[in-house]
Structure formats: C-alpha cells, structure tokens
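# Here's my sequence, what's the structure:
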Amino acid sequence: MKFFLFKARSREDKNLSNSLKTILGFRPINLELYKNALRHSSAGVLRSGEIYNNERLEFIGDSIISAVVSDILYLRFPRANEGKLSILRSTIVNRRSLNEIAAELKIDSLMTYRNSAKSSMKNMAGNSFEALTGAVYYDRGYKYCRIFIDKILSAHFDLNNLMKQNSDYKSKLLQIMQKHKLDISINTFENCESNEKVHHFHCEICFNDLYLAEGKGWSKKEAEQKASQIAIRKLKALNYSNH
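I've put the predicted structure just below:
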C-alpha cells in the first residue's frame with residue numbers, strides 16, 4: 001500500500017485560491033504559477049540563481065489573449081472580413097481595455113509589489129492580467145484560457161454593438177483628407193521598443209508636418225487602424241469630418 005503526503009495549504013493560499021476561482025471561473029491547480037503571475041518585477045524573488053516575477057508569464061499571456069480573442073471573433077462573426085475582425089480585436093485588446101478589466105477584477109488587491117512602484121506603474125494591474133492568462137495556459141491549457149477570456153468578453157463587451165460601431169478608420173481618414181484637401185501623411189514601420197520583447201508595427205500620422213496620432217499593433221493594418229481612429233477624433237475636434 002502506498003501513502004501520499006500532501007502539503008496542507010496555508011490560510012493565505014486558500015484565500016488566494018478562492019479569489020482566483022471567483023476571477024477565473026474555475027479553481028487553479030498549480031497555485032505557484034498564479035503567485036508568480038501576480039508578482040510585479042519590483043518584488044521579484046531570487047531562487048536558484050533566477051529572479052522570479054510575472055514578466056515571462058506576461059509575455060505569454062499577451063499572445064494568448066490575442067489568439068483567444070481572434071478565435072472567438074472569427075467564430076462569432078463568420079461574415080466579417082479580416083479588416084473588420086482586426087479593428088474589433090484592437091478595440092478589445094489594448095492597454096486601456098486591459099487596465100480597465102484588471103481594475104474591475106481588482107487584480108491589484110492580489111498582487112505583490114513594492115509600494116514605491118505602484119504610483120509609477122499605471123499598467124501594472126493590466127500587465128498582471130496578461131500574466132494571469134499566461135498562468136492559466138500553463139496550468140490548465142488553451143481550453144481553460146478560452147473559458148476565462150470568453151467570460152471576460154461577455155462581462156465587459158457588447159460584441160455585436162462593437163461590430164456595428166467599428167468600421168474602416170483608415171478609409172474614413174482618407175475621405176476626410178480628400179474632402180478638406182488636408183496635408184496628412186501616414187507612416188508605418190516595424191518596431192521593437194526597449195521595454196518590449198517582440199516586434200510590432202508602429203503607425204504615425206502627421207498633419208501639416210506636425211504629429212497628430214500614433215498606434216501600435218501586431219499587424220500593419222491593426223496599427224494603422226488604431227492611429228487612424230485617434231486621428232479622426234482629433235480632426236473632428238478641429239471641425240473636420242467626412243459628413
């Protein structure tokens with residue numbers, strides 16, 4: 001007969017597991033993964049010569065969120081073309097949205113960080129939301145990532161309404177340019193900033209040789225759509241429109 005010894009969880013671990021179950025919709029298995037996902041780099045710990053924080057899980061989670069949202073939108077809107085799907089995805093998967101989702105989930109209350117870091121890290125909780133998704137992926141696999149993200153989308157977004165609202169912003173911008181004979185330049189290039197791990201596309205829009213708007217995305221089209229949306233909003237404030 002074999003006997004297995006299980007280490008009893010502390011009250012702190014039980015509380016964290018219960019909180020994560022509320023957020024995720026299912027109970028985590030490997031709690032250490034989630035602890036790491038909630039550990040900001042300011043509170044990184046050294047183990048066996050390696051510093052443990054949530055940056056690596058954030059890197060994975062960022063890609064997983066984009067993939068899952070793309071999967072959900074592809075199946076939800078079978079008649080939407082690639083351009084419309086890209087615009088809708090960029091409306092959902094952006095820094096502002098992730099920060100707002102993290103705030104509503106109160107992820108910051110579960111995080112480990114130095115108090116001095118919070119005031120200067122406005123994206124801290126949003127980054128941890130990405131890391132949390134990365135933890136789900138390694139703990140439970142893609143299926144549970146999809147369950148988690150689907151739950152988030154249902155709670156925070158009206159996808160049908162967003163699809164109706166979103167359109168081809170670059171085309172709208174070009175219409176405004178032509179109607180008002182504006183001197184607008186759209187420059188898009190591949191870029192990788194020092195604090196990022198992967199390449200992305202960066203679009204910068206100038207009006208009369210002055211900076212007007214910018215956008216980043218995993219594809220050239222996505223970056224241009226983000227920048228064009230911001231540019232249209234600013235031009236409307238200057239009384240330019242395509243109507």
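
# Okay, buried residues for stretch 67-78 please.
For stretch 67-78, a neighbour-count test (16 or more other CB atoms under 10 Å) marks 68-70, 72-73 as buried. Yep, even glycine has a C-beta here, placed from its N, CA and C like the rest.

# List just the nearest of those residues to F148.
V68 (8.3 Å; CB to CB).

# starting at the chain centroid, how far to the host helix or strand of that closest one?
Element membership for V68, per DSSP states H and E: helix 55-76. Centroid separation between helix 55-76 and its chain, computed with CA atoms, centre = their mean, to the nearest Å, is 8 Å.

# which other helices and strands contact it?
Helix 55-76 makes packing contacts with helix 31-37, helix 82-92, helix 124-140, helix 142-156 when contacts are defined by 3 or more CB pairs under 8 Å, 6 or more residues apart in numbering; DSSP states H and E.

# which residues does S86 contact?
Going by CB atoms under 8 Å, 6 or more residues apart in numbering, S86 touches 217, 219, 221-222, 225.

# Quick check on the residues you listed: which are buried?
217, 221-222, 225.

# So which of those residues sit within strands?
Counting by DSSP state E, the buried ones among the contacts of S86 place G217 in strands.

# which among the buried ones among the contacts of S86 gets closest to N81?
Among the buried ones among the contacts of S86, and counting by CB to CB, the member closest to N81 is K221, at 11.0 Å.

# ok, that closest one to Y52 distance?
According to CB to CB, to the nearest Å, K221 stands 37 Å off from Y52.

# Kindly report the same for L110.
16 Å.

# now do S42
13 Å.

# do I72 as well
31 Å.

# Where does pLDDT dip in this structure?
1-8, 46, 48-49, 115-121, 166-167, 192-199, 242-243 (pLDDT under 70).

# domains in it, as residue ranges please.
11-165, 169-237 (automatic domain parsing).

# show me what contacts the closest residue to T133 other than its chain neighbours?
Nearest residue to T133, sequence neighbours excluded (CB to CB, 6 or more residues apart in numbering): G61, at 3.7 Å. Going by CB under 8 Å, 6+ apart, G61 touches 37, 129-135, 137.

# Could you export those as TSV, including neighbour count and distance to C203?
Below are the contacts of G61 laid out as TSV (neighbours: other CB atoms under 10 Å; distance: CB to CB, whole Å):
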residue	neighbour count	distance to C203
A37	31	31
F129	27	25
E130	25	22
A131	29	27
L132	28	29
T133	25	26
G134	25	27
A135	29	32
Y137	23	29
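
# in the contacts of S86, which two residues are the furthest apart from each other?
Most distant of these, by CB to CB, are S219 and Q225, 9.3 Å apart.

# I72 versus the residue nearest to I60 when sequence neighbours are not counted, what's the distance?
Nearest non-adjacent residue to I60, counting by CB to CB, 6+ apart: G134, 3.8 Å away. Using CB to CB, one obtains 18 Å as the distance from G134 to I72.

# Check N36 too.
26 Å.

# With A223 instead?
22 Å.

# what does Y240 give?
Distance from Y240 to I72, by CB to CB: 35 Å.

# before we move on, what about S19?
25 Å.

# what do you get for L98?
16 Å.

# what's the answer for S185, then?
Relative to I72, and taking CB to CB, S185 is found at 35 Å.

# Kindly calculate the angle that the helix holding V68 makes with helix 82-92.
Angle of helix 55-76 versus helix 82-92, following axes from the mean of the first three to the mean of the last three CA atoms, to 10 degrees, is 130 degrees.

# Put the alpha carbons of helix 55-76 into PDB.
Extracted in PDB, the C-alpha atoms of helix 55-76 (Å, rounded to 0.1, in the frame of the first residue of the first chain):
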ATOM      1  CA  GLU A  55       7.300  39.300 -16.900                       C
ATOM      2  CA  ARG A  56       7.700  36.000 -18.600                       C
ATOM      3  CA  LEU A  57       4.100  35.000 -18.000                       C
ATOM      4  CA  GLU A  58       3.000  38.400 -19.200                       C
ATOM      5  CA  PHE A  59       4.800  37.800 -22.500                       C
ATOM      6  CA  ILE A  60       2.900  34.500 -23.000                       C
ATOM      7  CA  GLY A  61      -0.400  35.900 -21.800                       C
ATOM      8  CA  ASP A  62      -0.200  38.800 -24.200                       C
ATOM      9  CA  SER A  63      -0.100  36.400 -27.200                       C
ATOM     10  CA  ILE A  64      -2.700  34.000 -25.700                       C
ATOM     11  CA  ILE A  65      -5.200  36.800 -25.200                       C
ATOM     12  CA  SER A  66      -4.800  38.000 -28.800                       C
ATOM     13  CA  ALA A  67      -5.100  34.400 -30.100                       C
ATOM     14  CA  VAL A  68      -8.200  33.600 -28.000                       C
ATOM     15  CA  VAL A  69     -10.000  36.800 -28.800                       C
ATOM     16  CA  SER A  70      -9.200  36.300 -32.500                       C
ATOM     17  CA  ASP A  71     -10.600  32.700 -32.200                       C
ATOM     18  CA  ILE A  72     -13.800  33.900 -30.500                       C
ATOM     19  CA  LEU A  73     -14.400  36.800 -33.000                       C
ATOM     20  CA  TYR A  74     -13.700  34.500 -36.000                       C
ATOM     21  CA  LEU A  75     -16.400  32.100 -34.900                       C
ATOM     22  CA  ARG A  76     -18.800  34.800 -33.700                       C
END
